[in-house]
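**Q** Just to be clear, the model below is a prediction. Sequence and coordinates:
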Amino acid sequence: MINFMICEEDSSYIDKYKEIIDKIMMNFDIEYSYHIFKGYNDKWKTEATEENGFKVYIMTMKSKQGSGLDAARYVREELDDWQSMIIMVSAHLEYKYEALGKRLMLIDYISKYDNFEKRLNEAVKISIKNYDRRPKTLKFTYKKTFYNIEFRKILYIEKEQDNKRCICRTIEGNYYISGNLSTVSKMLDNRFLQICRSIIINLEQIESYNAKSNIITFKNKEELNAISRSKKKDIVKYVRGTF
């Protein structure tokens, strides 16, 4: 999931941003959503803090509720977030070198009056490339402890019966995650498949699948036989390399 965090006071520019992004995203099989803000207020800070997927910030340099430079510094230094992409779009070209000189790892500082649409198109495409290349992890908090689990190490995630939490089973051990399976699924990518109402598996961890016994064997030799009838074909296609 890519979250486009757009902070812009001018509604006409918001529409332009979304139009550009929609055209680009048509070429990718990636879920994405928009989060629109008129300024760097408490709502913006709250959503910036959320661990809900990869973020691409499109920031205005000046707003009635704070500056883009301060907001970028908040993301990088306060949240210690160096994975998210930041694109600054502004009518104030005089701040360009100050913004780029702050070592905040901006993708670009784009003037609204200088080939704006072309440069934003290029910056968004660069951001998506970084999404594909980044080390992908499941980030969550459980009982005030922060976890950062690599996707490649996850075997499957199971909703715990009669409880409002899930169990993340990995090659290194098990972890509890607060919330339901639907919430967790939004934090994953397309290597994961929900095989029944209560389990999501990592397809890349499958070693073999016996269709007759309906048993998946993972690479660590652990077995699972909870595949629903509607998902059997998907498992067979993946193991055969046609999924």
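**A** Nice, thanks for sending it over. This structure is a prediction, so every number in the text was calculated from the model and none was measured. Numbering: from 1, shown residues only.
**Q** Can you give me the pLDDT of the nearest residue to Arg76 once chain neighbours are set aside?
**A** Nearest residue to Arg76, sequence neighbours excluded (Cβ to Cβ, 6 or more residues apart in numbering): Leu104, at 5.2 Å. Every residue, glycine included, has its C-beta placed from N, CA and C. If you check Leu104, the pLDDT there is 81.
**Q** try Tyr97
**A** Tyr97 is assigned 64 on the pLDDT scale.
**Q** Just the element for Gln161, please.
**A** Assessed by DSSP states H and E, Gln161 sits outside every helix and strand.
**Q** Domain parsing of the chain, as residue ranges.
**A** Per automatic domain parsing, the structural domains of the chain span 2-133, 137-240.
**Q** By mean pLDDT, show me the worst of the ones you listed.
**A** When these are ranked by mean pLDDT, domain 2-133 comes last with a mean of 87.
**Q** related to what we said a few turns ago, how much space between the residue nearest to Arg76 and Trp82?
**A** 10 Å (Cβ to Cβ, to the nearest Å).
**Q** try Tyr238
**A** From Tyr238 over to Trp82 the distance is 33 Å, taken as Cβ to Cβ.
**Q** And for this structure, the residue most distant from the center?
**A** Residue farthest from the centre of the chain, counting by Cα atoms, centre = their mean, is Lys212 at 36.4 Å.
**Q** distance of it from Phe140?
**A** Separation of Lys212 from Phe140 (Cβ to Cβ): 37 Å.
**Q** Next: Ile20.
**A** As for Ile20, its distance to Phe140 is 32 Å (criterion: Cβ to Cβ).
**Q** Tell me the secondary structure at Ala226.
**A** When classified by DSSP: H, G, I helix; E, B strand; the rest coil, Ala226 comes out as coil.
**Q** which residues does it contact?
**A** Listed by Cβ atoms under 8 Å, 6 or more residues apart in numbering, the contact partners of Ala226 are Ile195, Cys196, Ser198, Ile199.
**Q** and if you look at Asn3?
**A** Counting by Cβ under 8 Å, 6+ apart, Asn3 touches Tyr32, Ser33, His35, Asn52, Gly53, Phe54, Lys55, Val56.
**Q** next one: phi and psi at it?
**A** The phi/psi pair for Asn3 (degrees, to the nearest 10) reads phi -100, psi 110.
**Q** which residues are common contacts for Leu104 and Trp82?
**A** Common neighbours of Leu104 and Trp82, counting by Cβ under 8 Å, 6+ apart, are Arg76.
**Q** neighbour-wise, which of the two wins?
**A** Neighbour count, other Cβ atoms under 10 Å: between Leu104 and Trp82, Leu104 has more, with 17 against 10.
**Q** What is the longest helix of this structure by residue count?
**A** When the chain is parsed with DSSP state H, its longest helix is helix 116-133.
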